[in-house]
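**Q** Got a predicted structure here, sequence first:
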Amino acid sequence: LFSADGAKTYCAGLALTGATWRVPTLPELLSIVVAGSAPTIDVAAFPGTASEQFWSSSQSDDGASDPWNINFNDGLVSTTNLDVRYMYHVRCVH
């Protein structure tokens, strides 16, 4: 589990396959949502994914620049204050 900044640091520090890794955008996360299932993700393609909240790199337009996150338990999207007490999962992309 990571804070929003911790998720960015974690992804940027990955040294897998020589690729550059980052926190995904909200549209990227939404593209792997499987509506009507529980969890709301293809568990065959993404085994072991927690049915919890995941950070995105997309910022809300509420004036506070809070990042969007998605909950793979129910597929709901919300924004989260950047307060360090919010610790979510991250699925890095390249």
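**A** Alright, I've got the coordinates.

**Q** Could you use CA atoms for every contact and neighbour count after this?
**A** Fine.

**Q** All the strands of this protein, in order from the start?
**A** Ranges of strands within the chain are 53-59, 67-71, 77-79, based on DSSP state E.

**Q** closest one to S37 among the ones you listed?
**A** Comparing those by their distance to S37 (Cα to Cα), the top pick is strand 67-71, with 12.7 Å.

**Q** Could you spell out the sheet neighbours of that closest one, each with its direction?
**A** The strands that strand 67-71 pairs with in its sheet are strand 53-59 (antiparallel), strand 77-79 (antiparallel) (by DSSP bridges).

**Q** For R22, which of these is the nearest?
**A** Between R22 and those, the shortest gap by Cα to Cα is with strand 53-59, which sits at 8.4 Å.

**Q** for the closest one, which positions count as buried?
**A** Counting neighbours by 16 or more other Cα atoms under 10 Å, one finds that the buried residues in strand 53-59 are Q53, F54, W55, S56, S57, S58, Q59.

**Q** so the second one makes contact with N69?
**A** In other words, F54. Yes - in terms of Cα atoms under 8 Å, F54 counts as a neighbour of N69; the distance is 5.5 Å.

**Q** and for the longest helix anywhere in the chain, what are the contacting residues?
**A** Selection of the longest helix in the chain by residue count, based on DSSP state H, yields helix 4-12. Judged by Cα atoms under 8 Å, 6 or more residues apart in numbering, the contacts made with helix 4-12 from elsewhere in the structure are 20-23, 55, 67, 82, 84, 86-90, 92-93.
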